[in-house]
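*Asks:* Let's see this in three dimensions:
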Amino acid sequence: MGHCLDTSSLHGAEVGRQKLTNSLRSGFLGSKPTKSRAFLRISPVKHPGRQQSCNFRCSVIQKSQVQAPDSVTITADNKRVECYGVFCVMYDLNQEEQPKTWKKLLRIAVSGAAGTISNHLLFKIASGEVFGPDQPVALNLLGSERSRNALEGVAMELEDSLYPLLREVNLGIDSYDVFRDAEWALLIGAKPRGPGMERADLLDINGKIFAEQGKALNAVANQNVKVIVVGNPCNTNALICMKNAPRIPKKNFHALTRLDENRAKCQLALKAGVFYDNVSNVTIWGNHSTTQVPDFVNAKINGKPVTDIIKDKKWLEEEFTQTVQKRGGVLIKKWGRSSAASTAVSIADAMKSLVTPTKEGDWFSTAVYTAGNPYGIDNDLVFSMPCRSKGDGDYEVVPDLQINDWLAERIKKSEDELLAERRCVAHLIGEANGYCDLPEDTMLPGEQ
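*Replies:* Below you'll find the model as predicted:
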């Protein structure tokens, strides 16, 4: 496995500039890599207005530092394979030449990679839980100046876990470097809302982060990259990111509402006295805020309508709804910090929903671009709706759900909030005459 880091993060390393340059050239850019655990080639990322440089460095074991190989194999096409214990070096290995039982290497970029959510999520991805036991992965991890050491610590733990599917770990603090060739981008890092901070201020501060990341994805990521925005306010951040990445299909952008769906399923299961996997067809409508609408009208327990199993209408409309909307804030009061492990689980669930065929008759919740949606929602928002997938990374919005007056009223409230948020960030999505008129200062799930 390759462990790569931003060259400027080598604190205390006694490596001269010329020596480092030579190492980079011989290790990554030359035709014959030095002996290493990985097979990584990194060349300068070309994007306008930026100095062209190679900002990654990989741990490289020089020839003089390793024992004689345990085995040497010459392949049919005269390529040399040397194995040292569990690590093998394949010279000039192309992706097409990897073990025939494995799929092509999948590159996943993660922002906020030194945070607690990522610290749970990355190990799920590396273990094969998300993409399966035959899918090798490369992790490109984005941090900041402040999180440099922590990011290197995460990479060390990933190395020490010996995941055979994890072929590369690349670290950096520049999104243009880290997002290069990414086929998935998990945008977790964002500034939390601090004491006394208005929601409009949070929209502007984080919106600028996601505008820049959208530009980086547009410039260097795989054209069909799947983007899941987790950093709040995630719906509008996803819209901003999408608007700044016109090269990438708008349908590829998601904002995470799977944790809200999981919370709703939990509450319904507890109330009905059944296990969680007996609850299905749960939708979260709208914004990932306290205006979100957990839909019990179309949900099922053991294949029957929830309202046939749970007769307490008042509980469903009031206590259940508010519990899901405010669950994050309650957790902070109990735990002293926001949810991390359950958020990581829900990100993994959201990814699996797109790469695994949806069970017949069921669906899942994700906030997606609303253009052409069947529910009359404004066509230029990122709005949580029921979706299903064939397992190819794509999805379709499930039509024809029952929308009664109770649902319609609350869905409209969440839509109005997102329309107001869009006006607040007009300057970040290329629109003129923006202004902030948020209907009320609603809280994000998890805020106090």
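*Asks:* Which strands and helices lie in contact with the helix ranked longest in the chain?
*Replies:* Determined from DSSP state H, the single longest helix within the chain is helix 199-220. Helix 199-220 sits against helix 175-178, strand 184-187, helix 234-243, helix 405-424, with contacts defined as 3 or more C-beta pairs under 8 Å, 6 or more residues apart in numbering; DSSP states H and E. Heads up, the C-betas are built off the backbone N, CA and C, glycines and all.
*Asks:* The helix or strand that it is followed by pairs with which strands, parallel or anti?
*Replies:* Once helix 199-220 ends, the next helix or strand along the chain (criterion: DSSP states H and E) is strand 226-229. Under the criterion DSSP bridges, strand 226-229 sits next to strand 184-187 (parallel), strand 253-255 (parallel) in its sheet.
*Asks:* Please save the CA atoms from the longest one in CSV.
*Replies:* Taking Å, rounded to 0.1, in the frame of the first residue of the first chain, the C-alpha atoms of strand 184-187 are listed here in CSV:
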residue,chain,number,x,y,z
TRP,A,184,-16.1,9.3,-5.7
ALA,A,185,-15.8,12.5,-3.7
LEU,A,186,-17.0,12.5,-0.1
LEU,A,187,-17.1,16.1,1.0
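*Asks:* Only C-alpha atoms, please: export stretch 138-151 in CSV.
*Replies:* What follows is stretch 138-151, C-alpha atoms only, in CSV (Å, rounded to 0.1, in the frame of the first residue of the first chain):
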residue,chain,number,x,y,z
ALA,A,138,-7.2,4.2,-3.5
LEU,A,139,-8.0,6.9,-0.8
ASN,A,140,-7.1,10.5,-1.5
LEU,A,141,-7.4,12.3,1.8
LEU,A,142,-7.8,16.1,2.0
GLY,A,143,-6.8,17.9,5.2
SER,A,144,-5.7,21.4,6.2
GLU,A,145,-2.6,23.0,7.6
ARG,A,146,-4.0,22.6,11.0
SER,A,147,-4.9,18.9,10.6
ARG,A,148,-1.6,17.9,8.9
ASN,A,149,-0.3,15.7,11.8
ALA,A,150,-3.7,14.1,12.4
LEU,A,151,-4.0,13.3,8.7
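*Asks:* any idea how far residue 311 lies from residue 272?
*Replies:* Distance from residue 311 to residue 272, counting by C-beta to C-beta, to the nearest Å: 11 Å.
*Asks:* ah, wrong one, I meant residue 216
*Replies:* Distance of residue 216 to residue 272, given as C-beta to C-beta: 45 Å.
*Asks:* the more surrounded of the two?
*Replies:* residue 216 (27 against 15; other C-beta atoms under 10 Å).
*Asks:* count of residues packed around the nearest residue to residue 427 once chain neighbours are set aside?
*Replies:* Nearest residue to residue 427 in three dimensions, chain neighbours excluded: residue 434, at 5.5 Å (C-beta to C-beta, 6 or more residues apart in numbering). Using other C-beta under 10 Å, residue 434 is surrounded by 13 other residues.
*Asks:* how about residue 434, what does it touch?
*Replies:* Applying C-beta atoms under 8 Å, 6 or more residues apart in numbering to residue 434 gives the contacts 423-427.
*Asks:* Spatially, which two of those residues are the most separated?
*Replies:* Greatest spatial distance in the contacts of residue 434: 423 and 427, 10.2 Å, computed using C-beta to C-beta.
*Asks:* For the most centrally placed residue in the chain, name its beta-bridge partners.
*Replies:* The chain has residue 186 as the residue nearest its centroid, 2.0 Å off, counting by C-alpha atoms, centre = their mean. Assessed by DSSP bridges, residue 186 has beta-bridge partners residue 110, residue 228.
*Asks:* I'd like the numbering to begin with 34 instead of 1 from here.
*Replies:* Renumbered: residue one is now 34, and that last one reads residue 219.
*Asks:* For the stretch 284-433 of the chain, just list every one of the helices.
*Replies:* 291-305, 339-342, 346-347, 354-368, 374-388 (DSSP state H, counting those that start in this stretch).
*Asks:* Buried residues in the fourth one, which are they?
*Replies:* Buried residues in helix 354-368, counted by 16 or more other C-beta atoms under 10 Å: 354, 356-358, 360-362, 364-365.
*Asks:* Using CSV, write out every CA atom in it.
*Replies:* Provided in CSV are the C-alpha atoms of helix 354-368 (Å, rounded to 0.1, in the frame of the first residue of the first chain):
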residue,chain,number,x,y,z
THR,A,354,-41.4,13.8,13.6
GLN,A,355,-39.8,16.0,16.1
THR,A,356,-37.6,13.3,17.5
VAL,A,357,-36.1,12.6,14.0
GLN,A,358,-35.7,16.3,13.3
LYS,A,359,-33.9,17.1,16.6
ARG,A,360,-32.1,13.8,17.2
GLY,A,361,-28.7,15.3,16.4
GLY,A,362,-29.1,18.1,19.0
VAL,A,363,-30.2,15.7,21.7
LEU,A,364,-27.2,13.5,21.0
ILE,A,365,-24.8,16.4,21.4
LYS,A,366,-26.3,17.2,24.8
LYS,A,367,-25.9,13.6,25.9
TRP,A,368,-22.6,12.8,24.3
